[in-house]
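Engineer: here's a sequence, model it:
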Amino acid sequence: MDLNFNKNEDHNKLLLSDLKQKFAKVKIGGGEKRIEKLHKQGKMTARERINYLLDENKKVIEIGAFTGEGMYAEHGGCPSGGVIVKIGYIKGKQCIVVANDATVKAGAWFPITGKKNLRAQEIAMENQLPIIYLVDSAGVYLPMQDEIFPDKEHFGRIFRNNAIMSSMGITQISAIMGSCVAGGAYLPIMSDEAIIVDKTASIFLAGSYLVKAAIGESIDNETLGGATTHCEISGVTDYKATDDKDALNKIKNIIDKIGDYTPAGFNRIKAEKPALEEKDIYGILPKARNEQYDMMEIIHRLVDNSEFEAYKEGYGQTIITGYARIDGWAVGIVANQRKVVKTKKGEMQFGGVIYSDSADKATRFIANCNQKKIPLVFLQDVTGFMVGSKSEQGGIIKDGAKMVNAVSNSVVPKFTVVIGNSYGAGNYAMCGKAFDPRLIFAWPSAELAVMGGTQAAKVLMQIEASSLKVKGEVIDEAKENELFEKIKARYDEQTSPYYAAARLWTDAIIDPLDTRTWISMGIEAANHAPIEKKFNLGVIQV
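Structural biologist: Numbers count the residues shown, from 1 in each chain. The predicted structure follows:
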């Protein structure tokens, strides 16, 4: 192992250490004092509830742990978007669980909270997974109601999705474990079955204060909407639980009796670990995002037995395509090659750039995987499509459009791993968030933006400098450098994987060594939903 490997390893392990520290902070939600307050009320935290509900010693993945990171500072922040979402197993059945975090503004819904809840429902609908809601929320965060209440992708969409999932036969179970107010009351009651915890939980359209103000009736919240009222008088809820654990045990018992699903039929055999050392990924992945490396070295450390069957290996070499297995599942891999390659014509092609021949190869391979019913895995480290007169005259836009068309119309499940750069139209062609990957997640080394920080800062600096000159300001070299560094710092912050994860452009930032688990659990989830559409590229210019 050379010095460069060691430098890369140190850098990537520092990024991983930073990830773990940030996650440790996120896990305490609204803080230790608020956790203590919940415990004194006889309640568990959202994470404690999920951990108790899910089977022990089974794999679990968390969606959107860094949602809201660095957002809403003026409102005190919103760790994990105020809601915890995990995919795991209950009585051996794969499920998705959504739990309001009452330590964050009493579980109130910020705009990003709504987006995260919708993402959880989207995952349930795409994969036909049972979804469990652990409700403990004060409802919409009123200071930001205009950003969460009325639009198509706002709060009301949650209830629309409840109804759609019910018609699809997707199991929805709710446990009311705290406050459940106003419009939020519809979510648990639009589920198949609802459990309510005695004394600590309540559900009503209007609380006692509002009732008093609206109609003059004096009544306490427990009588108005407690467990006894709704289990014995109104019939709104189906089960009364004595405490949080009793409610969670009831959910386990219900899930335990659900019938089996009809599998989509994706190919799986006995799983094998990679033959090559997985931890070498830390040393292979370069410290600088513009350095070259061989993506095949990464692939060999992600796939079973390190075996990979390349498709069109000698053609369009800046994209790697081929078949492999991950945790026993058959997959088709589409990956950006990050080293400079030489064509048969003797031309040099830059790594990480998509050329016409690369796009053509990827399009054909995606079509093949759809025909064979093989899930697709995209490994992103892409700076975009090749530019310049030669590329334009060669039809790069047409070939890029074909690839985007194939990705868009693909009917097999798609999974996207952002390893390094994810710039511009390259993000789109390699199945960015806009193209409906079942899961999209990033390594700590990832960067997502229209273009790299240095290039973008140069363009923006020139525009700003020109504007200042028009106003009569003198712009010397020192001033230009100052402008450049200021703009680059701002742009670099926006390319951070945490900036993307905060806004749910990705589902997670993970340790590279957890990649196999995420893909395997993702394909297992997708296997719940048989493919009903046929692959059709539509109209493309050949």
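Engineer: which strand residues bridge Gly332?
Structural biologist: Tyr323, Leu376 (DSSP bridges).
Engineer: wait, doesn't it sit right on Gly322?
Structural biologist: Yes. Counting by C-beta atoms under 8 Å, Gly332 sits close enough to Gly322 to count as a contact (7.5 Å). C-beta: built from backbone N, CA, C; applies to glycine.
Engineer: what's the overlap in contacts for the two?
Structural biologist: Counting by C-beta atoms under 8 Å, 6 or more residues apart in numbering, the contacts common to Gly332 and Gly322 are Phe365.
Engineer: same drill for these two, tell me which one is more crowded.
Structural biologist: Gly332 (23 against 20; other C-beta atoms under 10 Å).
Engineer: so who does the more buried one touch?
Structural biologist: Taking C-beta under 8 Å, 6+ apart, one finds 321-323, 365-366, 368-369, 374-377 in contact with Gly332.
Engineer: quick one: pLDDT of it?
Structural biologist: We have a pLDDT of 98 for Gly332.
Engineer: any chance you could list what contacts stretch 191-199?
Structural biologist: By C-beta under 8 Å, 6+ apart, the list of residues contacting stretch 191-199 reads 42, 133, 162, 166, 171-178, 188, 203, 222, 226-228, 230-231, 236-244, 246-247, 250-251, 254.
Engineer: list the buried ones in it?
Structural biologist: Within stretch 191-199, the residues scored as buried using 16 or more other C-beta atoms under 10 Å are 191-198.
Engineer: could you pull out the strands for the stretch 351-500 of the chain?
Structural biologist: 353-354, 376-382, 384-385, 414-423, 439-442, 447-449 (DSSP state E, counting those that start in this stretch).
Engineer: give the other helices and strands that the fourth one contacts.
Structural biologist: The reference is to strand 414-423. When contacts are defined as 3 or more C-beta pairs under 8 Å, 6 or more residues apart in numbering; DSSP states H and E, strand 414-423 sits against strand 376-382, strand 439-442, strand 447-449, helix 515-526.
Engineer: what does stretch 234-249 contact?
Structural biologist: Taking C-beta under 8 Å, 6+ apart as the rule, stretch 234-249 contacts 42-44, 49, 52-53, 175-177, 188-189, 193-198, 200, 203, 227-228, 230-231, 250.
Engineer: let's see that with 7 Å instead.
Structural biologist: Identification of contacts with stretch 234-249 by C-beta atoms under 7 Å, 6 or more residues apart in numbering yields 42-44, 49, 52-53, 175-177, 189, 193-198, 203, 227, 230-231, 250.
Engineer: keep only those of those that are in strands.
Structural biologist: With DSSP state E as the criterion, strands contain 175-177, 193-197, 203 from among these.
Engineer: what helix or strand does Leu224 sit in?
Structural biologist: Assigned by DSSP states H and E, Leu224 belongs to helix 221-225.
Engineer: an error on my part: the question was meant for Lys212.
Structural biologist: Take DSSP H and E as the rule and Lys212 turns out to sit in helix 208-215.
Engineer: what's the mean pLDDT across that helix?
Structural biologist: Per-residue pLDDT values over helix 208-215 give a mean of 83.
Engineer: then that helix to PDB, C-alphas only?
Structural biologist: Extracted C-alpha coordinates of helix 208-215, given in PDB (Å, rounded to 0.1, in the frame of the first residue of the first chain):
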ATOM      1  CA  SER A 208     -60.300  21.900  25.500                       C
ATOM      2  CA  TYR A 209     -59.200  25.500  25.200                       C
ATOM      3  CA  LEU A 210     -60.400  25.900  21.700                       C
ATOM      4  CA  VAL A 211     -63.700  24.100  22.500                       C
ATOM      5  CA  LYS A 212     -64.200  26.600  25.300                       C
ATOM      6  CA  ALA A 213     -63.500  29.500  23.000                       C
ATOM      7  CA  ALA A 214     -65.500  28.200  20.100                       C
ATOM      8  CA  ILE A 215     -68.700  26.900  21.800                       C
END
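Engineer: mind listing what's buried in that helix?
Structural biologist: Across helix 208-215, burial judged by 16+ other C-beta under 10 Å covers 208, 211.
Engineer: any idea how far it is from the chain center?
Structural biologist: Distance, stretch centre to chain centre, for helix 208-215: 41 Å (C-alpha atoms, centre = their mean, to the nearest Å).
Engineer: the chain should start at 49 in everything you say after this.
Structural biologist: New numbering, starting at 49: the last item is helix 256-263.
Engineer: where along the stretch 299-448 of the chain do the helices fall?
Structural biologist: Under the criterion DSSP state H, counting those that start in this stretch, the stretch 299-448 of the chain carries helices at the ranges 329-332, 343-347, 404-420, 437-441, 444-457.
Engineer: could you do the stretch 49-198 of the chain as well?
Structural biologist: 51-74, 80-88, 94-101, 159-175.
Engineer: okay, those helices in a markdown table with mean pLDDT next?
Structural biologist: Formatted as a markdown table, these follow (pLDDT from 0 to 100):
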| stretch | mean pLDDT |
| --- | --- |
| helix 51-74 | 97 |
| helix 80-88 | 96 |
| helix 94-101 | 98 |
| helix 159-175 | 97 |
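Engineer: okay if I get the strands of the stretch 399-548 of the chain as JSON lines plus mean pLDDT, mean neighbour count and distance to Arg205?
Structural biologist: Formatted as JSON lines, the strands of the stretch 399-548 of the chain follow (pLDDT from 0 to 100; neighbours: other C-beta atoms under 10 Å; distance: least, C-beta to C-beta, whole Å):
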{"stretch": "strand 401-402", "mean pLDDT": "93", "mean neighbour count": "24", "distance to Arg205": "35"}
{"stretch": "strand 424-430", "mean pLDDT": "97", "mean neighbour count": "27", "distance to Arg205": "27"}
{"stretch": "strand 432-433", "mean pLDDT": "86", "mean neighbour count": "22", "distance to Arg205": "33"}
{"stretch": "strand 462-471", "mean pLDDT": "96", "mean neighbour count": "26", "distance to Arg205": "23"}
{"stretch": "strand 487-490", "mean pLDDT": "98", "mean neighbour count": "26", "distance to Arg205": "20"}
{"stretch": "strand 495-497", "mean pLDDT": "90", "mean neighbour count": "21", "distance to Arg205": "25"}
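Engineer: distance to Gly118 added to these, as JSON lines?
Structural biologist: Output for the strands of the stretch 399-548 of the chain, formatted as JSON lines (distance: least, C-beta to C-beta, whole Å):
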{"stretch": "strand 401-402", "distance to Gly118": "31"}
{"stretch": "strand 424-430", "distance to Gly118": "23"}
{"stretch": "strand 432-433", "distance to Gly118": "27"}
{"stretch": "strand 462-471", "distance to Gly118": "19"}
{"stretch": "strand 487-490", "distance to Gly118": "16"}
{"stretch": "strand 495-497", "distance to Gly118": "15"}
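Engineer: of all those, which one comes closest to Pro198?
Structural biologist: strand 487-490 (28.0 Å; C-beta to C-beta).
Engineer: need the contact list for the residue lying closest to Asp562 once chain neighbours are set aside.
Structural biologist: Closest residue in space to Asp562, ignoring its immediate chain neighbours: Ile109 at 7.9 Å, by C-beta to C-beta, 6 or more residues apart in numbering. Contact partners of Ile109, counting by C-beta under 7 Å, 6+ apart, are 134-135, 565-566, 569.
Engineer: identify, from the residues you listed, the entry nearest to Ser404.
Structural biologist: Scanning the contacts of Ile109 for proximity to Ser404, where the rule is C-beta to C-beta, the winner is Trp566, at 31.9 Å.
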